[in-house]
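1. using only what follows, build the 3D model:
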Amino acid sequence: MDKENVMLEEIKSQVLEQALQAEKSGLCYPTSGNFSMIDEERRLVAITPKGKVRSTLKPEDIVLIDMEGNVVEAPEGFVPSSEKNLHLAIYKARKDLVAVAHTHAPYCSVFAALNLPVEPVLPEANRFDCRCPLAPYATPGSQQLADNVVETLGTHGVAVIMGQHGMLAASRRDMHDAYIKALYVEDVARTYYRMAVLVGLENVKHMSLEEYDEMMIALGKKEY
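-> Here you go, the predicted model:
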């Protein structure tokens with residue numbers, strides 16, 4: 001097997017491994033959510049298949065598509081996630097991002113259903129740059145949803161709440177980092193929800209972006 005194909009197989013393995021880990025962590029159920037990673041040199045995307053129970057999958061079951069959404073490689077009867085347009089739009093708009101995790105994590109889904117962002121109520125929010133704004137609702141799988149998420153992410157964002165839908169986290173590093181970012185968004189959302197239950201949403205205090213930037217400078221880091 002040549003070097004390029006070895007890289008693609010490694011990417012497929014990463015996608016499946018972190019999708020399974022996300023399910024074990026309670027970020028999604030067996031057929032919900034979708035995960036992808038891009039081969040930066042060949043501009044091919046490995047993405048979870050539509051409607052398949054993850055625990056039954058093997059790395060070779062991860063679907064390979066080009067930047068126009070055409071299937072390059074997939075087992076018979078397997079098609080890419082219905083949210084492929086969303087993943088592709090992010091990779092086209094943000095060349096710095098290499099992996100995307102979209103989940104319906106329980107606490108994030110509460111804020112999504114309410115059309116509210118997840119505010120940085122804990123220092124751990126620095127794991128996703130203390131920014132998880134709301135992307136307006138659009139039909140799942142639509143180009144409009146993809147456009148809304150890309151616009152909300154902007155040029156530097158790595159996490160969004162998708163209105164009435166779920167959550168998305170993206171990484172400049174790899175699939176594992178995208179999963180970790182999703183995990184921290186859900187962790188902060190859980191605390192935010194519990195604070196709102198205790199004192200009311202309008203009374204919850206959260207870190208300002210200025211405070212976040214000061215903290216990152218103090219830590220000597222640009223991002224996690």
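2. what packs against the lowest-mean-pLDDT helix or strand in the chain?
-> For the chain, the helix or strand with the lowest mean confidence is helix 209-219, at a mean of 82 (criterion: mean pLDDT, DSSP states H and E). Using 3 or more CB pairs under 8 Å, 6 or more residues apart in numbering; DSSP states H and E, no helix or strand is in contact with helix 209-219. Every C-beta, even on glycine, is put in place using the N, C-alpha and C of the backbone.
3. those strands in this protein, which residues are they?
-> 34-39, 44-47, 63-65, 71-73, 99-103, 134-135, 159-162, 166-171 (DSSP state E).
4. present these as CSV; the columns should include mean neighbour count and mean pLDDT.
-> Formatted as CSV, those follow (neighbours: other CB atoms under 10 Å; pLDDT from 0 to 100):
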stretch, mean neighbour count, mean pLDDT
strand 34-39, 26, 98
strand 44-47, 25, 98
strand 63-65, 22, 98
strand 71-73, 13, 97
strand 99-103, 30, 98
strand 134-135, 22, 98
strand 159-162, 28, 98
strand 166-171, 27, 98
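5. please name whichever of these is nearest to Pro123.
-> Closest approach to Pro123 among the strands of the chain (CB to CB): strand 159-162, 15.6 Å.
6. neighbouring strands of the closest one in the sheet, and parallel or not?
-> Here strand 159-162 has these sheet partners by DSSP bridges: strand 134-135 (parallel), strand 166-171 (antiparallel).
7. using JSON lines, lay out those strands together with distance to Ser81.
-> Shown next, in JSON lines, are those (distance: least, CB to CB, whole Å):
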{"stretch": "strand 134-135", "distance to Ser81": "18"}
{"stretch": "strand 166-171", "distance to Ser81": "13"}
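8. between the ones you listed, which gets nearest to Lys58?
-> strand 166-171 (23.5 Å).
9. who is the closest residue to Val72 other than its chain neighbours paired with across the strands?
-> Once flanking residues are discounted, Val72 sits nearest to Leu64: 4.5 Å by CB to CB, 6 or more residues apart in numbering. Taking DSSP bridges as the rule, Leu64 bridges to Ala46, Glu73.
10. how near is Leu64 to Glu17?
-> Going from Leu64 to Glu17 by CB to CB, to the nearest Å gives 16 Å.
11. quick revisit: nearest to Asn126, of the strands paired with strand 159-162?
-> Using CB to CB, the nearest of those to Asn126 is strand 166-171, at 13.7 Å.
12. can I get the CA coordinates of that closest one in PDB?
-> The C-alpha trace of strand 166-171 is given here as PDB (Å, rounded to 0.1, in the frame of the first residue of the first chain):
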ATOM      1  CA  GLY A 166     -27.300  20.200  18.000                       C
ATOM      2  CA  MET A 167     -23.700  21.200  18.400                       C
ATOM      3  CA  LEU A 168     -20.600  21.200  16.200                       C
ATOM      4  CA  ALA A 169     -16.900  21.300  17.100                       C
ATOM      5  CA  ALA A 170     -14.000  21.500  14.700                       C
ATOM      6  CA  SER A 171     -10.200  21.200  15.000                       C
END
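13. name the spans of the protein whose pLDDT lies under the cut-off.
-> For the chain, applying pLDDT under 70 flags the ranges 1, 3, 221-224.
14. now with 50?
-> Within the chain, no range satisfies pLDDT under 50.
15. give me every residue that touches the closest residue to Tyr91 other than its chain neighbours.
-> Excluding the flanking residues, the one nearest Tyr91 by CB to CB, 6+ apart is Ile38, at 5.1 Å. Contact analysis of Ile38 by CB atoms under 8 Å, 6 or more residues apart in numbering lists Ile11, Leu44, Val45, Ala46, Tyr91, Val98, Ala99.
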